[in-house]
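Student: What follows is a predicted protein model with its sequence.
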Amino acid sequence: METRSESVPDPEEPGAVIDGDRALTAPDGEPAPDSPDSPDSPDSPDSPDSPDSPDSPDSEEETDQVALDEDITEEVEIGAARRAAGEPLIEVRGLVKHYGEIRAVDSIDFEVRRGDVLAFLGPNGAGKTTAMKMITGFLEPDSGSARVCGLDVAGHPIEIRRRIGYLPENAPSYGDMSVTAFLDFVAEARGLEDRAVAVERAMKRTGLESVSGQVIDTLSKGYKRRVGLAQALIHDPEVLILDEPTDGLDPNQKELVHQLIANLAATKSILISTHILDEAERICNRVVILSQGRILVDSTPAVLIERAPGHNVVVITFDGSVPERVLGRLRQHPWCESAAMLEDGRLEIHPRAGENRLAEILSAVEDQPVRDVKVREGRLEDLFREVTKGVAA
């Protein structure tokens, strides 16, 4: 650049309708997606380990529950103090996950502080979604740890889910419910006191007012994605983890989501994954590039653009031809990687390592009739291709 299908509910995907110690059923009797009513859920009220189970020994279980509550309270207080001191809301240390012999996530480390919008970038199969699932507590790591709001995810998965708004890759919903009814259901499952206010706020933030009474199955892919985003926001969490939040959205809808993320960023930690590099450059203040489960780059968009191939390349248009001595004059500088005439008669100069050498370049051609000068900026897309081309899955 010169100058400065519709979402299909996946039974394995986590929903956002879990309050942890409560589970609701849809009007037709179906259990909520990934709800504790599932027989495999460790949080099921029917589990023998649950303090509400009629089969559990009251005295032992109540004692254990009191100890657990005190432990959570202590960690919550520590977490609140750390956040007030500017500590990160998301901390990842050495996370590893295998699928058979495939090492999907390979010892990754990073932090996301309040006010950060961090973009996960990477080729398909890089480990972005797997990492997000481990951070949200829906997938157990093989090793390593993740903390959210000062709490260990493995130790307190239910408390973590109360503090996270999660938009999974295929956000499950009840297609025969209206938008309003579904969001009210999510609000009730999360135990929100003023459900009507929460639903109205979530719909307004995501631009769903015009389809509030419409059945979800009749919505476009873009609107369904926004319903998923609304359920992630409904309890106004401190941490948002959004897996491709603008997937399937038209340009106007993407703009709305970009503005929403920018408005929320000041008070939250936001982690998104995206394949849209311009999106990461525009709305994120940090970029992490993964490939084959490893972090290759962790920096700001501005720094990465400076590192990108072609940054600060100068292209000059002259009135007339350029003498060979001008090229020789430029090439003698140690900072000049190359200087060559293009087929259209323009002169293109590549400084080493993307250095800004415009002043020296103009000095070298000051005796020539210059018509136009352009300085190219690096592109995140070019850097992405460069760092992933040798390791892309």
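Tutor: Happy to help now that I have it. Numbers count the residues shown, from 1 in each chain.
Student: just the helices in the chain please.
Tutor: Counting by DSSP state H, the chain has helices at residues 58-84, 128-136, 157-163, 179-189, 195-206, 221-233, 251-264, 277-283, 301-307, 324-331, 358-364, 380-388.
Student: burial of F110, as a residue count?
Tutor: 18 (other Cβ atoms under 10 Å). (Glycine included, C-beta is placed from N, CA and C.)
Student: Quick check: closest non-adjacent residue to it.
Tutor: V92 (5.3 Å; Cβ to Cβ, 6 or more residues apart in numbering).
Student: now the helices of the chain as a markdown table including distance to L240?
Tutor: Shown next, in a markdown table, are those (distance: least, Cβ to Cβ, whole Å):
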| stretch | distance to L240 |
| --- | --- |
| helix 58-84 | 15 |
| helix 128-136 | 11 |
| helix 157-163 | 10 |
| helix 179-189 | 15 |
| helix 195-206 | 12 |
| helix 221-233 | 6 |
| helix 251-264 | 7 |
| helix 277-283 | 12 |
| helix 301-307 | 19 |
| helix 324-331 | 49 |
| helix 358-364 | 41 |
| helix 380-388 | 22 |
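Student: Return the member of the ones you listed having the minimum mean pLDDT.
Tutor: Mean pLDDT values for these show the minimum at helix 58-84, a mean of 50.
Student: V199 against H235, yeah?
Tutor: No - in this structure, V199 is not within contact of H235 by Cβ atoms under 8 Å, at 11.1 Å.
Student: Any chance you could list what contacts stretch 340-354?
Tutor: Residues outside stretch 340-354 that contact it (Cβ atoms under 8 Å, 6 or more residues apart in numbering): 306-308, 310-318, 321-322, 326-327, 330, 334-339, 357, 361, 365, 378.
Student: what's the model's confidence in it, averaged?
Tutor: 91.
Student: hey, C-alpha coordinates of that stretch in PDB?
Tutor: The C-alpha trace of stretch 340-354 is given here as PDB (Å, rounded to 0.1, in the frame of the first residue of the first chain):
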ATOM      1  CA  ALA A 340      16.600  -0.200  -9.400                       C
ATOM      2  CA  MET A 341      14.600   1.200 -12.200                       C
ATOM      3  CA  LEU A 342      11.100  -0.200 -12.700                       C
ATOM      4  CA  GLU A 343       9.700  -1.000 -16.200                       C
ATOM      5  CA  ASP A 344       7.500   2.200 -16.100                       C
ATOM      6  CA  GLY A 345      10.600   4.300 -15.500                       C
ATOM      7  CA  ARG A 346      10.200   4.900 -11.800                       C
ATOM      8  CA  LEU A 347      13.100   4.400  -9.400                       C
ATOM      9  CA  GLU A 348      12.500   2.100  -6.400                       C
ATOM     10  CA  ILE A 349      14.800   2.100  -3.400                       C
ATOM     11  CA  HIS A 350      14.700  -0.500  -0.600                       C
ATOM     12  CA  PRO A 351      16.400   0.600   2.600                       C
ATOM     13  CA  ARG A 352      17.800  -2.200   4.800                       C
ATOM     14  CA  ALA A 353      15.600  -3.400   7.600                       C
ATOM     15  CA  GLY A 354      12.800  -0.900   6.700                       C
END
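Student: Might one say that G248 is in contact with R226?
Tutor: No - assessed by Cβ under 8 Å, G248 is found out of contact with R226, at 9.4 Å.
Student: okay, the two: which has more neighbours?
Tutor: The neighbour count for G248 versus R226, taken as other Cβ under 10 Å, is higher for R226 (29 against 17).
Student: How about the contacts made by that one?
Tutor: R226 makes contacts with T206, G207, L208, L249, Q253, V257, as judged by Cβ under 8 Å, 6+ apart.
Student: ok, now how distant is it from G207?
Tutor: 7 Å (Cβ to Cβ, to the nearest Å).
Student: Now do the shared contacts for the two.
Tutor: Shared contacts of R226 and G207 (Cβ under 8 Å, 6+ apart): Q253.
Student: With neighbour numbers in mind, choose between V199 and H235.
Tutor: V199 (26 against 20).
Student: what residues are up against the more buried one?
Tutor: V199 is in contact with T180, L183, D184, A187, I234, counting by Cβ under 8 Å, 6+ apart.
Student: Leaving out the residues flanking it, which one is nearest to it?
Tutor: Using Cβ to Cβ, 6+ apart, the nearest residue to V199 is L183, at 4.5 Å.
Student: One more: A126?
Tutor: L290 (4.3 Å).
Student: mind checking how far that neighbour is from T130?
Tutor: Going from L290 to T130 by Cβ to Cβ gives 10 Å.
Student: between those two, who's got more neighbours?
Tutor: The neighbour comparison of L290 against T130 (other Cβ under 10 Å) goes to L290, with 27 against 20.
Student: In contact with the more buried one, which residues?
Tutor: For L290, the contacting residues are I108, F120, L121, G122, A126, G127, K128, A131, L296, by Cβ under 8 Å, 6+ apart.
Student: May I have the beta-bridge partners of it?
Tutor: As for beta bridges, L290 partners with I295 under DSSP bridges.
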